[in-house]
Each structure stands twice: as C-alpha cells, then as structure tokens.
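[1] okay, here's the prediction I keep looking at, along with the sequence it came from:
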Protein chains: 2
Amino acid sequence: MEQWNREAVTKTVERALDDRDLAAVTTAVRPLGSAEIVEVLERLDNTERAVIYRLLSKEQALEVFEDLDPSLQSDLVGGLQKDDVAALFAELDPDDRVELLDELPASVARRLLQGLPLRERAMTASILGYPQGSIGRRMSPEFVAVRTDSTAAAALERVAAHLVDAETVYVLPVTDNHRTLVGVVNLRDLMGAAPETRIADLMERAYPVRASDDAEEAARRCADLKALVLPVVDNESRLVGILTVDDALRILETAETEDQARAGGTEPLRRPYLTNPVRNLVRGRVVWLLVLAVGATLTVQVLSVFEATLSQVVALALFVPLLIGTGGNTGNQAATTVTRALALGDIGSRDITKVVAREFRVGLSLGLLLGSLAFVLASIVYDTALGTVIGLSLLSVCTMAATVGGTMPLIARAIRADPAVFSNPFISTFVDATGLLLYFLIAKVVLGI
Amino acid sequence: MEQWNREAVTKTVERALDDRDLAAVTTAVRPLGSAEIVEVLERLDNTERAVIYRLLSKEQALEVFEDLDPSLQSDLVGGLQKDDVAALFAELDPDDRVELLDELPASVARRLLQGLPLRERAMTASILGYPQGSIGRRMSPEFVAVRTDSTAAAALERVAAHLVDAETVYVLPVTDNHRTLVGVVNLRDLMGAAPETRIADLMERAYPVRASDDAEEAARRCADLKALVLPVVDNESRLVGILTVDDALRILETAETEDQARAGGTEPLRRPYLTNPVRNLVRGRVVWLLVLAVGATLTVQVLSVFEATLSQVVALALFVPLLIGTGGNTGNQAATTVTRALALGDIGSRDITKVVAREFRVGLSLGLLLGSLAFVLASIVYDTALGTVIGLSLLSVCTMAATVGGTMPLIARAIRADPAVFSNPFISTFVDATGLLLYFLIAKVVLGI
C-alpha cells in the first residue's frame, strides 16, 4: 500500500477549487479514506470545506462528519440543508451527538433533538443529564453487558446480536443481578472458552470510573491502564456506560491542547491553527500577556526602590537579565518536572513536603554550581566584590526559584485551581520580582551602599 | 466495585515494610490488580520493590513485570535469581523483551537471549534488527494475518487457532499472495458476515507505517487515527508486524515526557520522580541551565555596550525586566501554539511562510495594543519621551518575539533538529538579547543620547 501524501492532495484540491473544477475535486477526494479527508478539510476554510463535503458519497460523508472536530461539525451544519443535517444527526453515536449539541446554537440543538427517533432521543437525554465536563457526558451508553451467571455461549450470542449497534464488543462489562458491575470479560477469552464455561470463571478485574468523574481524569486513567474499555458506573456502582480508548484519546487530545496552551500563557485554540483568523490568535494571547505585564510592573517597582543604588553602581544593571533569566529557567525546569510527574500519577498533592524538600535541595545544588562559577568569572572580569554579589545572588535565586517552581503545580492541584494561574510565564514573573529583591539586598549588604 | 485508594494502600505497605511484617504486606498487595501493584511499586525504593515483588503469586509477578517501566524492570532483574529471570524473560512478548534488553547490561542481555527457546529467539532477533528509535523495534511480530482470497469462516478459524499467542485478534491485517499488505479486517465484521463471504469484500483501508519510521511518529499516527491496530510494513510494503494502540500509548507517554522536559529546558527523567535521587535531578537540569546562562551573557554584553546610555538615564534600567519579560512571554506563546499545531498535524514544515506571516501580524497587533497602553501610562507617570521609548520598544519587541517564537519550532522540524535546542528557555534568551538591543537603539534615537 502506498503511504499517502497529504501535502500533495491538499494542493491538488486547493488548485481544483480555485479553478472551480468540481469534477477534479471529486476525483482527488473520493478515493481517500475518511481520516485522510478530515486532514485535508482541516486545512481549508469554511466555504471550501462545505463545497468538498457535499461532493462526498453518502457513506463517506457520515464517516467524515463523525471524525471531524465538533467546532468544525458545527460550522458545517450551518452550510447544509435542514433535512441532510437531521439525517446526519440521527446517524451519530449518542456521545458524539452530545458533543455536537454543546457546540450548536440552542435553537438548532432543540430542533435536532426533537427530530430524533424515540430510542435515540432517550439515549441522548440520559447522557445530557450528566454535568458538563464529566465522563458521563462523553461515555457511550451502547454497550453489551453480560451477567456473571451466564455462559460463554450465551455471551457470544449476545455479542452476535449486537455486532452492528454496540460501541464495541471486544471487552464486555460483567454485572450481577442488580446491574452492579463486578468485572469485565474479553471477547478473546469468550471465544477460547468451552461453550458452557460460566462468565464468573472468565471475567477479569474491572477498573471502573464514576459517571460524575472529570472526563479528563477518566480518559487519562484509560490511557494509563492501556485499557481498550473502562466501564462507567453510577454512585451505586451500577453500570451506566463505557469509555472506549478511542474516545479517551479524543478527550486527552483536547485536554492536552488546553494544558499546553495554558502552560505557555495562552488560551487554547478551539479550531485547527490555520483555520483561525488572526484576531482569534490575538484574543487568545492578549489577556494573559496583559495580566503578566501588569505582574511585571512589580519588577519596575522593585527597581525604583533601588534606583539610588543603581545610579551609584550602574554595573549592577548589566546582570539583571542574566540573573532573572536564570531564575526563570530554574523555576520553569522545576515546574515542568513536577507537572509531568503529577500528570503521570508519580506524585500526588499529599507529597508536597517531599517535593518541596527535594526541589529545595536541587535548587541549592544548582545555585552552588552556578554561583561559584559566576563568582570566579565575575571576580576575574570585574572585581571580587561584584563577583561575591553575583555568586550569592545566583545561589539564592536558584534555590528560591526551584522551590517555588516545584511547589506551584502542587498548590494548584491541591486547591483545584485553573492551572493557567500557575503557568510558566506566571512563575517567571513571580521569580523575576523576588530575584531582583534578593539581588539588590545582597548588593547593598556586600557593597555597603 | 470499590474504587481503590492508592495513597492508603501505599501507606499500609510502607508501614508493614518498616515493621518487617511480610505477612501484612502480602495481605495488602495480593488482592490488588496488576495495574494497582505497579502504581504502588513506582512509589517505593529499589529494595522495597524487590521485596514486594517476590511476595507476589507467580501469575501476578509476570503481569506486574510486563506493566513496569523498562528502567524498573532492569532494576528488578538485578535483585532476582538467575532462573527466575530466565523464566520471566521467556514469558515476555517479543517487543517488551527488546525494550528490556536495551536497558540491561550487555552481558546479562546476551545470556538471557541465549537461554530463549528457538522460536522466541528468532522473533526477538527479527525485531532487534531494526534501528533503535524505529517502530520496527517496538512493533509486535505476533499478528494473525489473513489473505484476500480467503473467506470469513476460514479467517475465524485462523483467529481461533491463535487466540492465545497473538498480540491481538480484533483487527487483522489482510495480505495478497506475496505478503503485501492490502487492507485490514475487523473481527466484528468477520463475525457478522456470512461464512463464505470473501475477505476482499469485508476489508477496509489500512493506514500502514513503515518499520523504519520513527517510533514516536508511528505511535502518534495510531493515536490520531484512533486505531486499535496499525499494520507495519517493510520498504516493499510487505507486512512485518503490527502496532497496537496500547503499545502506541506507551511510546507516546515516554515521548511526551521527553518533549515536555526538553520544552522546559531539562533532560527527561528515566524513572518516576520520587525514585530519582536528587543528584539525578540536578544532573538533568544543570547542563541546560549552564548553556542558557552562557547564552544570557549575551544580554550582559548588549548592556555593556550601552553602559554610557544607562548611566545617563538610569530610569531606562527600570523597564528592562518588564520589556524582556513581555518579549519572552510573547515568544513562548507563539512557540507553544505552533508546536502544538505541529504535533496535531494541523501544520507542516511547508507552511512556514503562512505561519511567519500570521505570527508577524499577531505580534504586531499585540505590540500595538500593549505599546499604546504603555505609552499612555509611562507618559503620565514619567514623561512623553520615556513613554515613546517604552511604547515603541514594546511594539517592536512583541512583533519580533512572536515571529521568532512561531518560526523556531518549524525550523527545528524542517532541519530535524533535537527540539531541546529550540526550547522555550532558549527562545526567551534569544528574545531577551534582541529585545535589549531594540530597546537601547530606540532609546538612543528618541532621547538623542
């Protein structure tokens, strides 16, 4: 099989669109798989997307629609005939439907819901009942469960009856007589077992999540366990749905985009980069930039306090960017390491004292290394007094920065704050102001001014 | 089912270990699932880990070993009996075995390989033939393939015969008579089809990766496609293995730890945070910190050039941290956004001109907003001349920083450089020095000094 070339296909399509040669567009797009068509669509603008979408075969259209980002789905809905939209909407899985509903204007959402067949409407409503952001809202209610007292043969029959409509049949939740989850059984084990084997003897431990759990945490658990399916239960441990690994991957993709954006001090983009107008990019950044700039006026104030010291020894100003830069880097290193360890579950918020102790020692070691080096160099190039100031400042700034940088993510986790508040730029700004204070205090003492 | 409490169990285990009460440890650990035991083991030190491991049942021990990080597997191997290790090693899947081999001392690796049964040794050797870092080395050779001219019934028989030894049976690669990959077929579709249906009529498009492809890129493709299995082919498109989504998740977890560490300017940790001695943490950070500090001496040099200007207008020094901080933040925002868009495949290196144009416009807009605001404020607090300097400097620094920050990740991708070289701290350092230069040049012109 040939590996496909997205760039070449996109170029062909764009050229054909420019020439208004719809036949050529169709020829280029029709042989592609739905994943490939989605990759092409994500690079085009709204109108181009709608044109291409209408050229797809009916079957392709549904597959492509399912794979599109909900924000792009919602754009497309605006450009299609009412009847086509209703038909598409009825074909979607209940969990995908709820995601799209959240993107659509309320009036459109209501109309679409009312047009659904009764069974589909009921399933959609059951998901809509869970709070936004919970895994209940993203799970699939279309699972095939089997009972502990059933047999392998009976379970395989159930699977055969639900091959088409079930979200997956490869891992089946096992329940007792009261719909309480007691385990899971793999299709593979069912197929390998003697027909009369009881499910109770084939099932494995399940790692359930609660429907009210945060969607991102549930998805991360699924990825951590490398599980194809996690059962979702209510507060009474009754089975209410399943989370499949593909849906978990979708949730994590969005969550990581958000986390990384916030760590970089921007609001996450809600659509692919190239489909965003420049004003959206500006809007996503300007607020944090302003907040951080206001925070940075703290450094102006600290420096104003020491303006007299500065005018006496102008040389002190030369090292300001170096010192606060190193402090910022040390803080970010610590924050990055601790944030990742938190994400992987290697540490939890109850480890805060251990982490503070470790980061203090790491910062002290780094400060000793960099500080002595700077002392020697600055003493040679300038004089011992300035060397002492720079060396001691680096020592204290590194220690402070690593401790602060390592602690912030844990505090954020402990108080369940928006991680944006403790982003790397925030840590830099905080460390900048504190570092300057340390620097000038040390300078005043050492230089006796 | 109860959701388990890792903190409580770990505490119980640690207390029992302190009391040397092995019976209590066994009671606490035995009822846990392997994923849970792994989470507990990751929080303990080497000796504690070895003690607990030896208390597990034989079946548990294998499962837990398979789920452990290769670095911890390698630690454990050191603490176990030779015979136990050989038995464990023979039970591992070929791809997991190769990962462990890469961690072990060469002499141990050689001895273990020679002790393997012939068939296992052959399979392991075939994987070891691919270059390190390629997906060939992480794929599984234990797949069940079916032929296009075969039937659903025959394929189901093949599945039944390989239920135990195959890596997965839920998605089967389809080949022609020459072992060339032509598609994939889902077990679900096989089970739903009439027995005589030809595979050619059931199969779907496959999205293969090449064995020589980078492991991380292949794993990301698997996650992007939300595929349970990607077939792996050689350069002649012949099927040589499969990549399953759980292995893809494992690869991505390591890759993301690396990427995030490097973006934060540290070397990635090779083991869980709490199991790392402080000196490892220091070693992982000191090199980059030094490199960045050396880079930051550039700022000292820029400032030295303007020392005369500085001593004439000391007030200029007050705004240095604010200006370079804002520049660094703007650069990091752009770099974060572009890096994420690259990772998601929304843009590629051929989009560099589009990205530069967009980021230039974003930077200009941000600069205009912040610059005018700063002009007004600084004119009120200080004077119009200083206000003009600050305003114009912010305008130029923001434009420059967004353009540079947005372009760096694309350049890194285009020249296939280690992303560490273009980390956020690196961008900050570069932007700091350039920003200072712009600031003082503007100051000299506007203030006429």
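    Noted; the coordinates are in hand. Numbers count the residues shown, from 1 in each chain, chains lettered A, B, ... in the order given.
[2] now check the helix or strand hosting residue A:365, is it near chain B?
    Using DSSP states H and E, residue A:365 sits in helix A:352-381. Yes: Helix A:352-381 comes into contact with chain B (CB under 8 Å from any CB of the partner chain), by way of A:354, A:358, A:361-362, A:365-366, A:369-370, A:373-374. Backbone N, C-alpha and C define where each C-beta goes, glycine included.
[3] are any of the residues you listed buried, and which?
    Neighbour-count burial (16 or more other CB atoms under 10 Å in any protein chain shown) is assigned, among the residues of helix A:352-381 next to chain B, to A:358, A:361-362, A:365-366, A:369-370, A:374.
[4] on that earlier part again, so which of the residues of helix A:352-381 next to chain B sits lowest on pLDDT?
    Lowest pLDDT within the residues of helix A:352-381 next to chain B is found at residue A:354 (91).
[5] nearest residue to that residue other than its sequence neighbours?
    residue B:274 (6.7 Å; CB to CB, 6 or more residues apart in numbering or on different chains).
[6] for the helix or strand of chain A with the lowest mean pLDDT, which positions count as buried?
    Lowest by mean pLDDT, DSSP states H and E among the helices and strands of chain A is helix A:6-18, with a mean of 78. For helix A:6-18, the neighbour count (16+ other CB under 10 Å) marks A:9-10, A:12-13, A:16-17 as buried.
[7] also stretch A:288-300?
    By neighbour count on 16+ other CB under 10 Å, the buried set for stretch A:288-300 is A:288-289, A:291-293, A:295-300.
[8] pull the CA atoms of that stretch into CSV?
    Output of stretch A:288-300 as CSV, limited to C-alpha atoms (Å, rounded to 0.1, in the frame of the first residue of the first chain):
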residue,chain,number,x,y,z
TRP,A,288,-2.6,36.7,29.6
LEU,A,289,0.0,39.0,28.2
LEU,A,290,-1.6,42.0,29.8
VAL,A,291,-2.0,40.2,33.1
LEU,A,292,1.6,39.1,33.1
ALA,A,293,2.7,42.6,32.1
VAL,A,294,0.8,44.1,35.0
GLY,A,295,2.5,41.5,37.2
ALA,A,296,5.8,42.5,35.7
THR,A,297,5.3,46.2,36.8
LEU,A,298,6.3,44.7,40.2
THR,A,299,9.8,44.4,38.8
VAL,A,300,9.7,48.1,37.9
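[9] could you list the domains of chain A?
    Per the TED database, the structural domains of chain A span A:1-134, A:146-262, A:278-447.
[10] from these, which stretch is densest packed?
    With neighbours defined as mean count of other CB atoms under 10 Å in any protein chain shown, the domains of chain A peak in mean count at domain A:278-447, which reaches a mean of 21.
[11] ok, back up a step: how far off centre is the least confident helix or strand of chain A?
    From the chain centre to the centre of helix A:6-18 is a distance of 31 Å (CA atoms, centre = their mean, to the nearest Å).
[12] per-residue pLDDT, whichever residue of the stretch 301-449 of chain A sits closest to chain B?
    Proximity of the stretch 301-449 of chain A to chain B (CB to the nearest CB) peaks at residue A:336, 2.7 Å away. As predicted, residue A:336 sits at a pLDDT of 87.
[13] pretty sure it is in a helix, no?
    Yes: counting by DSSP: H, G, I helix; E, B strand; the rest coil, residue A:336 is found in a helix.
[14] quick check: it touching residue B:261?
    Yes: judged on CB atoms under 8 Å, residue A:336 makes contact with residue B:261 at a distance of 6.3 Å.
[15] follow-up on the earlier one: return the member of the buried residues of helix A:6-18 nearest to chain B.
    So of the buried residues of helix A:6-18, ranked by how close each gets to chain B (CB to the nearest CB), first place is residue A:10, at 9.6 Å.
[16] pretty sure that closest one contacts residue A:40?
    Yes: contact criterion CB under 8 Å: residue A:10 and residue A:40 qualify, at 5.3 Å.
[17] check contacts around residue A:112.
    By CB atoms under 8 Å, 6 or more residues apart in numbering or on different chains, the contact list for residue A:112 reads A:85-86, A:89, A:101, A:104.
[18] what does residue A:205 give?
    By CB under 8 Å, 6+ apart, the contact list for residue A:205 reads A:183-184, B:33.
[19] can those go into CSV with extra columns for distance to residue B:442, pLDDT and secondary structure?
    What follows is these, written out as CSV (distance: CB to CB, whole Å; pLDDT from 0 to 100; DSSP: H, G, I helix; E, B strand; the rest coil):
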residue, distance to residue B:442, pLDDT, secondary structure
A:183, 70, 95, strand
A:184, 66, 97, strand
B:33, 64, 82, coil
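[20] quick one: the strands in chain A, in order.
    Applying DSSP state E to chain A gives strands spanning A:146-147, A:171-175, A:181-186, A:209-210, A:229-233, A:239-244.
[21] for chain B, find the nearest of those strands.
    Of those, nearest to chain B by CB to the nearest CB is strand A:181-186, at 5.4 Å.
[22] gap between that closest one and the chain center?
    That offset, for strand A:181-186, works out to 29 Å (CA atoms, centre = their mean).
[23] that strand and chain B, any residue contact?
    Yes: for strand A:181-186, a contact with chain B is found by CB under 8 Å from any CB, at A:181-183.
[24] now those residues in CSV, with distance to residue B:113?
    CSV is the format used below for those (distance: CB to CB, whole Å):
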residue, distance to residue B:113
A:181, 43
A:182, 42
A:183, 38
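[25] I'd say residue A:382 and residue A:315 touch.
    Yes: under the criterion of CB under 8 Å, residue A:382 makes contact with residue A:315 at 6.7 Å.
[26] just the helices in the stretch 101-250 of chain A please.
    In the stretch 101-250 of chain A, the helices defined using DSSP state H, counting those that start in this stretch lie at A:106-114, A:118-128, A:152-161, A:187-192, A:199-202, A:215-225, A:245-263.
[27] what parts of the stretch 51-200 of chain A come near chain B?
    Residues of the stretch 51-200 of chain A lying near chain B by CB under 8 Å from any CB: A:159-160, A:163-164, A:169-170, A:180-183, A:187-188, A:191-192.
[28] one more time with 6 Å, if that's ok
    By the rule CB under 6 Å from any CB of the partner chain, the part of the stretch 51-200 of chain A lying against chain B is A:163, A:169-170, A:181, A:188, A:191-192.
[29] what of the stretch 301-449 of chain A?
    Residues of the stretch 301-449 of chain A found near chain B (CB under 6 Å from any CB) are A:303-304, A:310-311, A:314, A:317-318, A:320-322, A:324-326, A:329, A:332-333, A:336, A:340-341, A:346-347, A:358, A:361-362, A:365-366, A:369, A:425, A:432.
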